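# next come a sequence and a model predicted from it.
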Amino acid sequence: MAKIDKETINKLKSGAIKPSDLFNVTAQQYGAILMAGHTLFTEGRYDEARQLFEGLATLDSKNPYIHGMLGAIYQKMGQDEAAIARYSKALSMYPNDINSLTNRGELLLKTGKMQEAASDLKKAIDLDSGKRHPAANRARLLVVATAEALKLAQEKGVDAVLDAKKRIDAQLGAA
């Protein structure tokens, strides 16, 4: 392994260069790696996709897409807290990412953090004034399903709360 001089280390620390700049990876190769990771994800090969995107996150830690994809991977793997953390990281870099907002909102809803969930879902919906973005449309569905479940719980009592939770869980599972 080649030695890295102090100047290069300082550039890495300051953000003047990325770790990926230390390797001879062209933009075309980088794009191919991203596409391969996305393909693994869509094929349901989540552990392989996770490994690839975690490596990419090391090389390009300031790329919100990579963190959003890791959030989606962790979500599919049932690692809700890790998914929320990655969506939060993606949103810290790109606050208008409708996919990350909807997915984080869904997980926050699932974990009972209603106020935070509502904030994410509302923002995702507000960002999609044309009502065309699939994730924003899913956010709309989640808001409606949650409102209906809460109304039912209020009208019918504790047993209805359990039924409402089953409905919300069913909606979350179908999304």
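Arrived safely.
# would you list every one of the helices in the protein?
For the chain, applying DSSP state H gives helices covering 6-14, 27-42, 46-59, 64-76, 80-93, 98-110, 114-126, 134-156, 158-174.
# among those helices, which is the most enclosed?
Among the helices of the chain, ranked by average contacts under mean count of other C-beta atoms under 10 Å, first place goes to helix 98-110 (a mean of 24). (Glycine included, C-beta is placed from N, CA and C.)
# so what's the gap between that helix and the chain middle?
Its chain's average C-alpha position is 7 Å from that of helix 98-110, according to C-alpha atoms, centre = their mean, to the nearest Å.
# output that helix as CSV, nothing but the C-alphas.
Listed next in CSV are the C-alpha coordinates belonging to helix 98-110 (Å, rounded to 0.1, in the frame of the first residue of the first chain):
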residue,chain,number,x,y,z
ILE,A,98,-38.5,12.7,-0.9
ASN,A,99,-37.5,9.1,-0.7
SER,A,100,-35.5,9.5,2.5
LEU,A,101,-38.2,11.7,4.0
THR,A,102,-40.9,9.1,3.3
ASN,A,103,-38.9,6.1,4.3
ARG,A,104,-37.7,7.7,7.6
GLY,A,105,-41.3,8.9,8.2
GLU,A,106,-42.5,5.4,7.7
LEU,A,107,-40.0,4.0,10.2
LEU,A,108,-40.7,6.7,12.7
LEU,A,109,-44.4,6.0,12.4
LYS,A,110,-43.6,2.3,13.0
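# mind giving me the packing neighbours of the helix or strand of the chain with the lowest mean pLDDT?
Within the chain, no helix or strand scores below helix 158-174, which has a mean of 71 by mean pLDDT, DSSP states H and E. Packing partners of helix 158-174 (3 or more C-beta pairs under 8 Å, 6 or more residues apart in numbering; DSSP states H and E): helix 98-110, helix 134-156.
# going by mean pLDDT, which of the ones you listed comes out lowest?
Among the helices and strands packed on helix 158-174, helix 134-156 carries the lowest mean pLDDT, at a mean of 86.
# name the residues that touch that one?
For helix 134-156, the external contacting residues (C-beta atoms under 8 Å, 6 or more residues apart in numbering) are 98-99, 101-103, 105-106, 109, 114, 118, 120-122, 124-125, 127-128, 131, 160-161, 163-165, 167-168, 171-172, 175.
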